[in-house]
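Colleague: My questions are about this predicted structure, shown below with the sequence.
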Amino acid sequence: MLRRNEGRLSAATAPVVAGGPALLLIAHGSRDPRHAATVAALVGQVRALQPGLEVATAYLDHCAPRIPQVVARLTAAVAVPLLLNRAFHAKHDIPAALRAAGAALPVADVLGPSPLLLAALDRRLAEAGLDVSSAAVRARTGVVLAAAGSSDPAADAATRAVAAEWRRTRGWAAAEVAYASAAGPRVPDAVAALRAAGARQVAVAPYLLAPGLLPDRIATAAEDAGADLLAGVLGPAPEVARLLLTRYDAARPATLAAPARTA
């Protein structure tokens, strides 16, 4: 279920306590340089919203710095995963990496699901040329929520719930989920299903945070399938930055004096 009270955090309404824990953003990492550039842009958005907050970034793989390098210099921090679903990276990789680094940090919840992510999806569709403010346009448009896909059934179920909520709250003609990896359906399957359901136009919206192999695969598939519109990845959308602060804030109250590292 989406958390309805999110999206209200701002620099004015949620001031950072001086000397409070840093926000340690933990991203997956990629060999594609666009990934790290997008993470840096998102960090810039977070710092703009909360100028008094220390924000640090660490990566699980491919990119530097890694978690041990970063936690070694932090007095206190809240780890915030840059992940949409609670799948293997959130359940296993991040806790294991923190333990290996000797870091006893609180770990915030993953980003999804959230109304802020739906707003970010709307933003990217609008930027791609869809009049999302028009109920008539939405009523004739089918949307494909194109995600990475996971071997974790709960994670895929969460993505399907996001698509259902997006359709219900926005009034899309229909909504389908497609995956760029793992099991299907793929983007062409979802586009065909929307056409069969009577959608007069089809928009593909990547449910991904940064450019890379999977978003490129989605873009190619959308073009090959004859989709009418392709949105950009969520990236450094203002809604994503606010959501990171929401997750940080929810994990922060009991940890203001917590040390970042174990003995």
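Modeller: Alright, I've got the coordinates. Numbering: from 1, shown residues only.
Colleague: which stretches of this protein have low pLDDT?
Modeller: 1-19, 182, 253-263 (pLDDT under 70).
Colleague: Could you pull out the strands in it for me?
Modeller: In the chain, the segments counted as strands under DSSP state E are 22-27, 55-59, 77-81, 141-147, 174-179, 201-206, 229-230.
Colleague: would JSON lines of the ones you listed with mean neighbour count and distance to Val46 be doable?
Modeller: The C-beta positions use only the backbone N, C-alpha and C, and glycine is treated the same way. JSON lines is the format used below for these (neighbours: other C-beta atoms under 10 Å; distance: least, C-beta to C-beta, whole Å):
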{"stretch": "strand 22-27", "mean neighbour count": "25", "distance to Val46": "7"}
{"stretch": "strand 55-59", "mean neighbour count": "21", "distance to Val46": "5"}
{"stretch": "strand 77-81", "mean neighbour count": "27", "distance to Val46": "9"}
{"stretch": "strand 141-147", "mean neighbour count": "28", "distance to Val46": "23"}
{"stretch": "strand 174-179", "mean neighbour count": "23", "distance to Val46": "28"}
{"stretch": "strand 201-206", "mean neighbour count": "26", "distance to Val46": "21"}
{"stretch": "strand 229-230", "mean neighbour count": "20", "distance to Val46": "27"}
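Colleague: right, so of these, which gets closest to Arg124?
Modeller: Proximity to Arg124, assessed across the strands of the chain by C-beta to C-beta, is greatest for strand 201-206 (6.3 Å).
Colleague: Which neighbouring elements make contact with that closest one?
Modeller: Counting contacts by 3 or more C-beta pairs under 8 Å, 6 or more residues apart in numbering; DSSP states H and E, strand 201-206 is packed against helix 115-127, strand 141-147, helix 187-196, helix 213-224, strand 229-230.
Colleague: Partner strands of that strand and their direction?
Modeller: Counting by DSSP bridges, the strands paired with strand 201-206 are strand 141-147 (parallel), strand 229-230 (parallel).
Colleague: quick one: that strand to helix 213-224, angle?
Modeller: Angle of strand 201-206 versus helix 213-224, following axes from the mean of the first three to the mean of the last three C-alpha atoms, to 10 degrees, is 170 degrees.
Colleague: can I get the CA coordinates of strand 201-206 in CSV?
Modeller: Written as CSV, here are the backbone C-alpha positions of strand 201-206 (Å, rounded to 0.1, in the frame of the first residue of the first chain):
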residue,chain,number,x,y,z
GLN,A,201,-2.1,5.6,-27.4
VAL,A,202,0.6,3.8,-25.3
ALA,A,203,3.3,5.4,-23.2
VAL,A,204,6.2,3.5,-21.7
ALA,A,205,7.5,4.7,-18.4
PRO,A,206,10.7,3.2,-17.0
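Colleague: List the contacts of that strand.
Modeller: 121, 124-125, 128, 130, 140-147, 178, 187, 190-191, 194-195, 215, 218-219, 222, 226-234 (C-beta atoms under 8 Å, 6 or more residues apart in numbering).
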